[in-house]
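K.L.:
Here is my input, please return the structure:
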Amino acid sequence: MYDYIKHFCFQAALSLRSLPFLHSTTLTLILCLILFITGYTLNKGRIKLLSVMCFVAWTSHHVRDGSRRGLWFPPFGSTPLIPYKLYLTITLVLPLVLMLMVNLFDLEFVRVSKLQRH
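P.N.:
Take a look at the predicted model:
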């Protein structure tokens, strides 16, 4: 019985007529930006950290999907399929670029006491 339900749900997921709303790259970018601005405005480092973590996770997931279907930017449309080598490059480089940007702009996510800084 369980295998039948699992198979049915998997088949239903594969035969959707349109993409689910969280597959909208536009929406996820806006959500991450709102989360980061909220953390910055409230001076909450953990919210800023969460926004960057969500950005890396969602973007890498969207890029993986983009290698199969292209990226979906409603209301603007979709991109062509992302080549596999570009997908790998973006997935590997994205966290490094964000780490460099955090260090470059001196964004503090978690408060560090003066004694811990060197």
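
K.L.:
Which residue is the nearest non-sequential neighbour of Thr91?
P.N.:
In this structure, Thr91 finds its nearest non-sequential neighbour in Ser60, 5.2 Å apart by Cβ to Cβ, 6 or more residues apart in numbering. Yep, even glycine has a C-beta here, placed from its N, CA and C like the rest.

K.L.:
which residues sit in contact with the one you found?
P.N.:
Ser60 is in contact with 90-91, 94, counting by Cβ atoms under 8 Å, 6 or more residues apart in numbering.

K.L.:
Nearest to Leu81 among those residues?
P.N.:
Nearest to Leu81 out of the contacts of Ser60 is Ile90 (Cβ to Cβ; 13.4 Å).

K.L.:
Now the helix or strand hosting the closest one: average pLDDT?
P.N.:
According to DSSP states H and E, Ile90 maps onto helix 84-104. The predicted model assigns helix 84-104 a mean pLDDT of 88.

K.L.:
what about Ser67, how many neighbours?
P.N.:
For Ser67, the neighbour count with other Cβ atoms under 10 Å is 19.

K.L.:
Quick check: what element follows the helix or strand containing it along the chain?
P.N.:
Here Ser67, judged by DSSP H and E, is contained in helix 45-69. Proceeding N to C from helix 45-69, the next assigned helix or strand is strand 72-73, under DSSP H and E.

K.L.:
thinking again about what came up before, out of the contacts of Ser60, grab the one that's most surrounded.
P.N.:
Within the contacts of Ser60, neighbour counts (other Cβ under 10 Å) peak at Ile90, which reaches 18 neighbours.

K.L.:
And the closest residue in space to Ile90 that isn't next to it in sequence, how far from Leu42?
P.N.:
Nearest non-adjacent residue to Ile90, counting by Cβ to Cβ, 6+ apart: Val63, 5.0 Å away. Going from Val63 to Leu42 by Cβ to Cβ, to the nearest Å gives 30 Å.

K.L.:
I appreciate the help and will end here.
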